[in-house]
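coords below, sequence missing:
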């Protein structure tokens, strides 16, 4: 038992459950011992009455040593339990006494929930003692921790027109690499028909501060954050009526419906982001927001985004993405409306395509980029076409890259092949012809894609053509060769 519960020190654990009487009138007692010392004693009774199942539980102790480390902060000191409730055949519940107390928290519940047409007056609350309650959940790497100051829930009024209110105050939520603080959650609904599950509920959440370890995530998730979700309940369907997201970095809306039987969602999503969500070198090139929209489907292990549209000063794209049973299908087409946003000394536009299909672990892909009548570093591009095709397999990537076109009236051609071997990826052939400039070579990499060995030979009598491809200006010539050899381990 100690090993199953993950108890530190692997102590001796004894659990003893005794009882007497028929199930219609049963009395029982549960005791727990750690290393021979009693730490838990609970008495319980179950009675089958004309109104339903009557349940009573009383007792307590110091059960912290019986619990895994993640639960121990909630049960420090003495635990006291006092519960008396009636569960009715129609699903109704009446709580006459409901109280669980420890030195860390107090949990209370009382009142009636009646889905069959009667009156409701159910209330429940959780509050920390001398500070927030410390909830922890083990993860594969580290743990998730929430410091919850209070939780409240109330349901009142007749079944056909009930009022529901819920609220939570959370001081902080911490997970590996993620920190949120000042979290407030609330939900309120009136005129809710509990029997037919119809009505409207407005849910809101605010986050006062955020701290992300990853710099890319930190640019996107920036507090303050406010999420508003209007819900419309209608039997087996929950509709989201224009949920809104506001934050210091992104905003957006979501509308759609979720089927309780189908367990699937379908709706429309719109997002708007400030340029600052991008890496600084790209953000500096934008002066307006980035917009994205599409039709979202999700459920039963599948995800899809169709009619996807992205618009920014850097690119405009349209297409679709879907993932089902770990199979990916994606297709995007778009334009680069201003090459000057990407290259320092460039004008003109470009067009691109991107597709991927197959297993999410090793999808096959195709990509293409074309431009006509662009100007790079003062040199005119008659046309330029770059294509890539291969398989994005982390353990065995493969690709074929080609480029051809005209730059400043001179022919441009390039090829490269990436293959995988048991010893690691290789580029057995690399060629470049740009006017009079030529390059040939081959490279070999480790499985971690670190260069191992290879040779490159080049003769560049006119480097201005090559510099122009990067939007730079240069002059002169350069020739030589470079050889990579494995570094000896000391």
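That came through fine. These numbers were taken from a predicted model, which means no experiment stands behind them.

Distance-wise, check residue 453 relative to residue 480.
18 Å (C-beta to C-beta, to the nearest Å). The C-beta positions use only the backbone N, C-alpha and C, and glycine is treated the same way.

So these two - more neighbours on which side?
Shown here are residue 453 and residue 480; by other C-beta atoms under 10 Å, residue 453 has more neighbours (13 against 9).

What residues does that one make contact with?
By C-beta atoms under 8 Å, 6 or more residues apart in numbering, residue 453 lies in contact with 443-444, 483-486.

could you point out which element follows the helix or strand where it lies?
Per DSSP states H and E: residue 453 is located in strand 451-460. The helix or strand immediately downstream of strand 451-460 is helix 463-469, counting by DSSP H and E.

surely residue 436 meets residue 461?
Yes - with contact defined as C-beta atoms under 8 Å, residue 436 and residue 461 form a contacting pair (4.9 Å).

Looking at the contacts of residue 453, which are in strands?
443-444, 483-484 (DSSP state E).

so which of these is the most crowded?
When neighbours are counted by other C-beta under 10 Å, residue 443 leads these with 19 neighbours.

how close does the closest residue in space to it that isn't next to it in sequence sit to residue 444?
Nearest residue to residue 443 in three dimensions, chain neighbours excluded: residue 454, at 3.6 Å (C-beta to C-beta, 6 or more residues apart in numbering). Residue 454 sits 6 Å away from residue 444, going by C-beta to C-beta.

Quickly list what's touching both of those two.
With C-beta under 8 Å, 6+ apart, residue 454 and residue 444 have common neighbours residue 427.

Show me where the chain has its helices.
2-5, 215-220, 280-283, 463-469 (DSSP state H).

Isn't the residue nearest to residue 443 up against residue 428?
No - between residue 454 and residue 428 there is no contact under C-beta under 8 Å: 9.7 Å.

So these two - more neighbours on which side?
residue 454 (18 against 14).

Show me what that one bridges to in the sheet.
As for beta bridges, residue 454 partners with residue 443, residue 484 under DSSP bridges.

Show me the residue at the heart of the chain, geometrically.
In the chain, the residue lying closest to the centroid (C-alpha atoms, centre = their mean) is residue 217, at 10.8 Å.

show me the contacts for residue 363.
By C-beta under 8 Å, 6+ apart, the contact set of residue 363 is 328, 356-357, 391-392.

Chain neighbours aside, what residue packs nearest to it?
Nearest residue to residue 363, sequence neighbours excluded (C-beta to C-beta, 6+ apart): residue 356, at 4.4 Å.

State the distance from the one you found to residue 323.
From residue 356 to residue 323 the distance is 11 Å (C-beta to C-beta).

go on, residue 32?
Distance, residue 32 to residue 323, by C-beta to C-beta: 46 Å.

More neighbours: those two, which one.
The residue with more neighbours, out of residue 32 and residue 323, is residue 32; 21 against 16, by other C-beta under 10 Å.

Identify the residues contacting that one.
Contacts for residue 32 (C-beta under 8 Å, 6+ apart) come out as 13-16, 38-41, 61, 63, 66.

Likewise for residue 272?
250-252, 289-292.

Quick one: buried ones out of these?
Buried subset of these (neighbour count, 16 or more other C-beta atoms under 10 Å): 250-252, 289-290, 292.

list the buried ones in stretch 149-157?
Buried-residue list, stretch 149-157, by 16+ other C-beta under 10 Å: 149, 151-155, 157.

Now, the residues you listed that are in strands?
Mapping the buried residues of stretch 149-157 onto strands (DSSP E) picks out 149, 151-155, 157.

now, which of these sits nearest residue 276?
Nearest to residue 276, judged by C-beta to C-beta, of those is residue 149 at 32.0 Å.

I figured that closest one hits residue 128, correct?
Yes - using C-beta under 8 Å, residue 149 is in contact with residue 128, at 5.6 Å.

mean confidence score for stretch 195-204?
Averaging pLDDT along stretch 195-204 gives 93.

Off-centre distance for that stretch?
26 Å (C-alpha atoms, centre = their mean, to the nearest Å).

Would you mind listing the buried residues in that stretch?
Applying 16+ other C-beta under 10 Å to stretch 195-204 flags 199-201, 203-204 as buried.

Is it possible to get a markdown table of the residues you listed that adds distance to residue 134?
Listed next are the buried residues of stretch 195-204 as a markdown table, based on distance: C-beta to C-beta, whole Å:
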| residue | distance to residue 134 |
| --- | --- |
| 199 | 35 |
| 200 | 35 |
| 201 | 29 |
| 203 | 25 |
| 204 | 25 |
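
which one among these gets closest to residue 267?
When those are compared against residue 267 (criterion: C-beta to C-beta), the nearest one is residue 203, at 16.1 Å.
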